[in-house]
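Engineer: fold the following.
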Amino acid sequence: MSNYDRLELGSKKSKMKKQKRHLSPLLGNLKSRALLAAAVLLVAGGAFAAIARADTIQQQINSLNSQNSQAEGALNGLQLQASSYQNAINLLQQQISGIESAVAANQTKQAEIQQQIISDQVQLANEKKVLGEDITAMYVDGQLTTVEMLATSKNLSDFVDAETYRNAVQNKIQSEITQIADLENELEGQQTQVQQLIQTEQLQQGQLAGDESQQSQLLSLNQTQQASFDQQIQTNNNQISQLRAEQAAANASIARSVDIRASGGSGGACDIGYGNGGYPMTLCNTTQDAILDAWGFPNRECTSYAYWYFVTQEGQSGFQVNGNAGWWWETSNYPVTTWNSSVAVGALGIEPSSATPAPVPSLHGGYYGHVMVVKALPGQTYQGVSVPDGYVLVASMNEDEAGHFMFNLWPTSYLMFINPQ
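Structural biologist: All right, here's what the predicted structure looks like:
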């Protein structure tokens, strides 16, 4: 290692210690967030104990994603319920509109019946008046007795004709009066029925309006609950973004970025100009953490890429690990070492973060972890980039915490290694 590199590494270690002190208040602030309470251990007097076991940033992100999944499930249920409420409201509104139309039609019919009654009453009065005038014209003195009609008749035949006519006129008047009276009674009966029907329909209308109001209240409550879940999801997403930014900044504080273009596959959403490392396009083009790969790792995470590469590209089909990237060094069924001459190209480099103290300097105080594929060793050249002493050139996914493939130079002293077998 050159003096320059020793000085640089020593300076970075000093900066790293300062960063640890800066991280402690930040992690204390996370305690106030209900969703991240499990990430911090408090001791008497409010001070932080020495970290014996700390959840990784990825665990916190996974927890928030899990909460989001549960919230989204509840939100989907509420949306289905809201759709049911809205359908019920729409049906009630249709029924109310139908009843309103029926009431309007019956009120129109009621008005028509009333108008017909008035018309019939006017007609009856007119007919009575006309018939009365006819009788008066026939008999100057008006209503004559039988003796008077005989006395004024020229002969019996005239009397019979006059009597017959009078009886006919009286019968006609009586018949028309009876018909009109019957019609009035019929119309009044219809009017009563229509009025009762209108009252019944208005009662139904009131009941439906009450039902609609209840459904609207349920829908409003449902929408309030949806808004609450939306807010929770948004808050979690903001925290996830903050956590990812913190981890990306921490990684960038020690790792050197390397500009190697399109090596080992290119294209897709995980390619920002450095290729995609051959990562399957189905995983690359899907939103980060939206699906799991064939081995149960979230897509576009460092674990997904490293495991996929080690197993499929290097043929290490017997390799097994558990947990997040920072735990791989202690859960691997393959031997794990610190940096030594046996480390080979194709090894997995692991930034530790786990319960057991790793035998390498802790870059992030145990809160972060990352896994990467070693592409070149110190003194070697890869794609025109010479690897300085004390570093390995690595390829990994999500170094920037945005689900992208990148190349970096990592200090060998901060990594554990798993060699291909």
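Engineer: isn't residue 307 up against residue 296?
Structural biologist: No. If you go by C-beta atoms under 8 Å, residue 307 and residue 296 don't touch, sitting 9.1 Å apart. C-beta here means a position set from N, CA and C on the backbone, and glycine is covered the same way.
Engineer: and those two? Which one has more around it.
Structural biologist: residue 307 (24 against 9; other C-beta atoms under 10 Å).
Engineer: quick one, phi/psi of the more buried one?
Structural biologist: phi -70, psi -40 (degrees, to the nearest 10).
Engineer: tell me the pLDDT of the nearest residue to residue 268 once chain neighbours are set aside.
Structural biologist: Ranked by C-beta to C-beta, 6 or more residues apart in numbering and with sequence neighbours excluded, the top spatial neighbour of residue 268 is residue 284, at 3.6 Å. On pLDDT, residue 284 comes in at 96.
Engineer: quick check: residue 192 vs residue 292, distance?
Structural biologist: 73 Å (C-beta to C-beta, to the nearest Å).
Engineer: likewise residue 200?
Structural biologist: 61 Å.
Engineer: ok, residue 418 - contacts?
Structural biologist: By C-beta atoms under 8 Å, 6 or more residues apart in numbering, the contact set of residue 418 is 310, 319, 328-329, 332, 334-336, 347-348, 350.
Engineer: and it, what are its bridge partners?
Structural biologist: On the basis of DSSP bridges, residue 418 is bridged to residue 336, residue 348.
Engineer: next SSE after the host helix or strand of residue 246?
Structural biologist: Per DSSP states H and E, residue 246 falls inside helix 156-254. Following helix 156-254 in sequence order, the next helix or strand is strand 256-258 (DSSP H and E).
Engineer: now do that next one, average pLDDT.
Structural biologist: The predicted model assigns strand 256-258 a mean pLDDT of 88.
Engineer: pull the residues that contact that strand.
Structural biologist: So strand 256-258 is contacted by 385, 391, 393, 406-409 (C-beta under 8 Å, 6+ apart).
Engineer: ok, residue 339 - how many residues close by?
Structural biologist: Residue 339, neighbours per other C-beta under 10 Å, totals 19.
Engineer: three-state assignment of it?
Structural biologist: coil (DSSP: H, G, I helix; E, B strand; the rest coil).
Engineer: dump the residue contacts of residue 204.
Structural biologist: Residue 204 neighbours (C-beta under 8 Å, 6+ apart): residue 99.
Engineer: what does the model give it for pLDDT?
Structural biologist: 85.
Engineer: one more: residue 160?
Structural biologist: For residue 160, pLDDT reads 59.
Engineer: swap in residue 212?
Structural biologist: For residue 212, pLDDT reads 83.
Engineer: what about it, distance to residue 80?
Structural biologist: Applying C-beta to C-beta, the value for residue 212 to residue 80 is 20 Å.
Engineer: repeat for residue 192
Structural biologist: 48 Å.
Engineer: identify the residues contacting residue 99.
Structural biologist: 201, 204-205, 208.
Engineer: nearest to residue 239, of the residues you listed?
Structural biologist: Ranked by distance to residue 239 (C-beta to C-beta), the contacts of residue 99 are led by residue 208 at 46.2 Å.
Engineer: pull the number of nearby residues for the closest residue in space to the closest one that isn't next to it in sequence.
Structural biologist: Sequence neighbours aside, residue 96 is the residue nearest to residue 208 in space, at 4.8 Å (criterion: C-beta to C-beta, 6+ apart). Applying other C-beta under 10 Å, we find 18 residues neighbouring residue 96.
Engineer: part of a helix, is residue 96?
Structural biologist: Yes. Counting by three-state DSSP, residue 96 is part of a helix.
Engineer: does it touch residue 206 like I think?
Structural biologist: No. Taking C-beta under 8 Å as the definition, residue 96 is not a contact partner of residue 206, at 9.7 Å.
Engineer: residue 198: how many residues sit nearby?
Structural biologist: By other C-beta under 10 Å, neighbour count at residue 198 equals 18.
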